[in-house]
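S.K.: Sequence and predicted structure below; questions after.
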Amino acid sequence: MAHRANKRPPGRIKSSIVARLNTRLFFRLLGIYFTMDLLLLILFCGGLFVWSEQQAAQISTLVEERGVPSAEATEWMTAGDYTVTAGTPEADGLRLPGWLPSPEETRGGVRYFNPGTVDLLLPLT
């Protein structure tokens, strides 16, 4: 019985086809997972943006009907997570671009995004 000579070049790592296929499948599934997470994040942020624009449109309609609220009513509004003030020159947050869609009630208005002081990593610490 003749001994077969090793025909592989020296220095090359022997890898089974199963390990290579499993590695490819792992990275493919990992890519799909991250893509789906990114898609869900974009959809969530879009939905949150649309909801907040509708809330702003409803508040704008109330201000047009009833006028700017008094100082006492402003304290009650902060309990509802919104505040209406008469023309503050400086707004907090990031100014949103004008090309973003908005309801008819708030069209042409200057809009800002202010995430507040929420610490997203608080539950982890």
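M.R.: Looks like it arrived, so ask away.

S.K.: CA atoms for contacts and neighbours, from now on please.
M.R.: OK.

S.K.: now Trp99: how far from Asn114?
M.R.: Remark: distance between Trp99 and Asn114 (CA to CA, to the nearest Å) = 18 Å.

S.K.: the more surrounded of those two?
M.R.: The residue with more neighbours, out of Trp99 and Asn114 and counting by other CA atoms under 10 Å, is Asn114; that gives 11 against 6.

S.K.: Not counting residues beside it along the chain, what's closest to that one?
M.R.: Beyond its immediate neighbours in the sequence, the residue positioned closest to Asn114 (CA to CA, 6 or more residues apart in numbering) is Gly93, lying 4.2 Å away.

S.K.: For that neighbour, list the residues it contacts.
M.R.: With contacts taken as CA atoms under 8 Å, 6 or more residues apart in numbering, Gly93 has the following neighbours: 112-115.

S.K.: any idea how far Gly109 is from Leu30?
M.R.: Distance of Gly109 to Leu30, computed by CA to CA: 42 Å.

S.K.: between these two, which one's more packed in?
M.R.: Between Gly109 and Leu30, counting by other CA under 10 Å, Leu30 is the more crowded of the two (12 against 9).

S.K.: which secondary structure element contains the more buried one?
M.R.: Element membership of Leu30, judged by DSSP states H and E, is helix 17-66.

S.K.: Now that helix: average pLDDT?
M.R.: Over the span of helix 17-66, the pLDDT mean works out to 89.
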